[in-house]
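Novice: sequence first, then the predicted structure, then my questions.
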Amino acid sequence: MNQLLEWSPLLAFFLVFKLSGIYWATAALMVACLIVLFVHRASTGKYKTVHAITAIIAVVLGAATLLLHDKRFIQWKPTVLLALAAVAFLASNVIGKQPLARRMLEGVFSEPLHIAARGWRLINTLWAAWFALLAALNIWVARSFPEHVWVNFKVFGITAAMMLFMIPQVLWLNGKTKAAPGQT
């Protein structure tokens, strides 16, 4: 159920786009992002940072899209979010106890991962570069192709690219796990 909540803004945007076009889809995205923000708050008692940032960006760029009747603003949303993610990953190499990639990926495994700090910094830097590449690619697709191609890229292309980027890492990291003493 949590995954459905996480994906609901993207699904709402895509479905409404197919039925009613970019401007109605933008409004649906704005509403869905706010719903996700408040549903998570109601169920956990706190806001999730990524939901808050996404909602703010969706509402600001969505409002600009609707008020100015210019789809370019909403087309920048993925780029802004991906660029912010790239900056956050890069900054976490020097700020905080652990790089973001380590915090994110270690939670996937039940056993400890045995990777040197330098290895985690490298993985983290790769994540930052990947997010930066996707941010640039989003704008290129938005400017170079028809609207429906950009929507498909936003919904399916970026999602597939993230999976293709993550799967080899998870497989590699799986080989770096060691059971805790006393476990087999």
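Specialist: Yep, that arrived. This is a predicted model, so every value here is computed, not measured. Numbering: from 1, shown residues only.
Novice: tell me the helix or strand right after the host helix or strand of residue 32.
Specialist: Applying DSSP states H and E as the criterion places residue 32 in helix 22-44. Where DSSP H and E defines the elements, the next helix or strand beyond helix 22-44 is helix 49-68.
Novice: circling back to that earlier point, now do the helix holding residue 32: everything it contacts.
Specialist: 5-6, 8-9, 12-17, 47-48, 51-52, 54-55, 58-59, 62-63, 65-66, 69, 71, 74, 77, 147, 151 (CB atoms under 8 Å, 6 or more residues apart in numbering). Quick note: C-beta positions are derived from backbone N, CA and C, even for glycine.
Novice: just the buried ones from these?
Specialist: Buried residues within the contacts of helix 22-44, defined by neighbour count using 16 or more other CB atoms under 10 Å: 8-9, 12-14, 16-17, 51, 54-55, 58-59, 62, 65-66, 71, 74, 77, 151.
Novice: quick check: buried residues in the helix or strand of the chain with the lowest mean pLDDT?
Specialist: Of all helical and strand segments in the chain, the minimum by mean pLDDT, DSSP states H and E falls on helix 100-106, at a mean of 86. By 16+ other CB under 10 Å, the buried positions in helix 100-106 come out as 100-102, 104-106.
Novice: what's the domain layout of the protein?
Specialist: By the assignment in automatic domain parsing, the chain contains the domains 1-74, 76-177.
Novice: give the closest residue to residue 111 in space, chain neighbours not counted.
Specialist: Once flanking residues are discounted, residue 111 sits nearest to residue 177: 4.1 Å by CB to CB, 6 or more residues apart in numbering.
Novice: I meant to write residue 134 there.
Specialist: residue 82 is the one closest to residue 134 (CB to CB, 6+ apart), at 4.9 Å.
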